[in-house]
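Novice: any chance you can model this:
(one chain, ligands or ions: 4)
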Amino acid sequence: QADVALFMAKSRGKENFEFFSTELLDGSIRKQEIAAALQQALLHGEFSVHYQPQVELSSGRIIGFEALLRWNSALGAVSPSEFIPIAEECGAIHSIGEWVLREACLQLKSWREQGRPDIRVSVNVSAKQFRDPEFAQKVERILVETKVPPKFVEIEITESLMLDIGAAAELLQELKAIGVNLAIDDFGTGYSSLNAVKNIQVDTLKIDKSLVDEVLGSDRSMAILTTIIELGRNLGAEVVVEGLETIDQVALMRQYEVIGQGYYFSRPLPADKATRVWDKYLEQPNGMFRAPILY
Ligand code: C2E
Ligand code: MG
Ligand code: MG
Ligand code: MG
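Specialist: Numbers count the residues shown, from 1 in each chain. Ligands and ions are numbered 1, 2, ... in the order given. Next up, the predicted model:
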């Protein structure tokens, strides 16, 4: 019996060991490498911001760009979906987030100086940044420093952040007072979609790609999508539909008064390329939908 117990303990131990070594440990070595590299990344100038246009579907007009962080590190290109959570965990998100916002505001300033005044830039902000009680002041300082009018800057937060609404409410009020726009990102993917918009005056609902992907061919998904669009309208919020990739999706969404964003129009691009895509749009008559430049 003792032998059996020892055998089981050993095999359990071995299993555990294997589990940790092949799954978690590999993961954590990569994580540690990323966390270490992140500490240096700003200093080494490894970050850049790409811009993806947002298109008013009824007119084909570009009304804004979402700023998306890119990291070309010693480890190669690492996607934000991988490094942002690690940056949140190790605390680097605060300085990185500030850098992205400043960079996006500087780009907006430069576009405005080039005579492109009516454009908005949206910046993603993580829940961790919201834990910083001075976050709103930091935002305000960057706006003053870059001389960008607050109403042309949009802060994107995910609805899961709104779960923590008690903590976030005050900060959201402060941001509203500064005059920046608030967007709820990935709307419709969490558990708290309705709660998220109940107490806070949001300017924009961004409907997640996963919802959009299901609508062609699913009446039920379509019913949900159109209901969210109506919800946005009833709340006085603008609706952005994310992840439009095909002409069929664009044609379908064009029937609703929404803003579209997705690879169909353009991938996120470095500022100079995004500006060229934009110029091509401007040369086209109304209703021109697709960036004719290949990238
Ligand atoms: P998100 O804010 O929901 O951004 C949209 C993501 O969808 C981006 O991925 C974008 O490149 C991608 N996308 C846009 N159109 C399409 C499409 O038509 N098809 C497909 N398949 N994808 C499309 P990306 O740039 O890899 O960013 C992933 C996420 O990382 C973002 O999701 C956002 O949550 C986060 N992120 C990116 N930049 C920042 C940042 O500066 N700060 C923070 N806190 N998070 C960021
Ligand atoms: Mg976003
Ligand atoms: Mg999103
Ligand atoms: Mg997201």
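Novice: go ahead and flag the most central residue of this structure.
Specialist: Centroid check for the chain by Cα atoms, centre = their mean gives Asn124 as the closest residue, at 4.5 Å.
Novice: can you give me the strands in the stretch 1-150 of the chain?
Specialist: Taking DSSP state E, counting those that start in this stretch, the strands of the stretch 1-150 of the chain run over residues 47-56, 61-73, 76-78, 120-124.
Novice: okay, those strands in CSV with distance to ligand 3 next?
Specialist: To be clear about C-beta, it is placed using only N, CA and C from the backbone, and glycine gets the same treatment. Formatted as CSV, the strands of the stretch 1-150 of the chain follow (distance: least, Cβ to the ion, whole Å):
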stretch, distance to ligand 3
strand 47-56, 11
strand 61-73, 8
strand 76-78, 19
strand 120-124, 8
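Novice: now those strands in JSON lines, with mean pLDDT?
Specialist: Formatted as JSON lines, those follow (pLDDT from 0 to 100):
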{"stretch": "strand 47-56", "mean pLDDT": "96"}
{"stretch": "strand 61-73", "mean pLDDT": "96"}
{"stretch": "strand 76-78", "mean pLDDT": "96"}
{"stretch": "strand 120-124", "mean pLDDT": "98"}
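Novice: give me every residue that touches the residue nearest to the centre of the chain.
Specialist: 66-69, 100, 156, 185 (Cβ atoms under 8 Å, 6 or more residues apart in numbering).
Novice: ok, what's across the strand from it?
Specialist: Glu156 (DSSP bridges).
Novice: so how far is ligand 1 from it?
Specialist: Here Asn124 is placed at a distance of 4 Å from ligand 1 (Cβ to the nearest ligand atom, to the nearest Å).
Novice: need phi/psi at Ala274.
Specialist: phi -60, psi -40 (degrees, to the nearest 10).
Novice: among the strands of the stretch 1-150 of the chain, which is nearest Arg267?
Specialist: Closest of these to Arg267 is strand 47-56, at 6.7 Å (criterion: Cβ to Cβ).
Novice: got the angle between the closest one and strand 120-124?
Specialist: 130 degrees (axes from the mean of the first three to the mean of the last three Cα atoms, to 10 degrees).
Novice: and strand 47-56, which strands flank it?
Specialist: When DSSP bridges is applied, strand 47-56 pairs with strand 61-73 (antiparallel), strand 259-260 (antiparallel), strand 269-270 (antiparallel).
Novice: among these, which is nearest ligand 1?
Specialist: Smallest distance to ligand 1 across these (Cβ to the nearest ligand atom): 3.5 Å, for strand 61-73.
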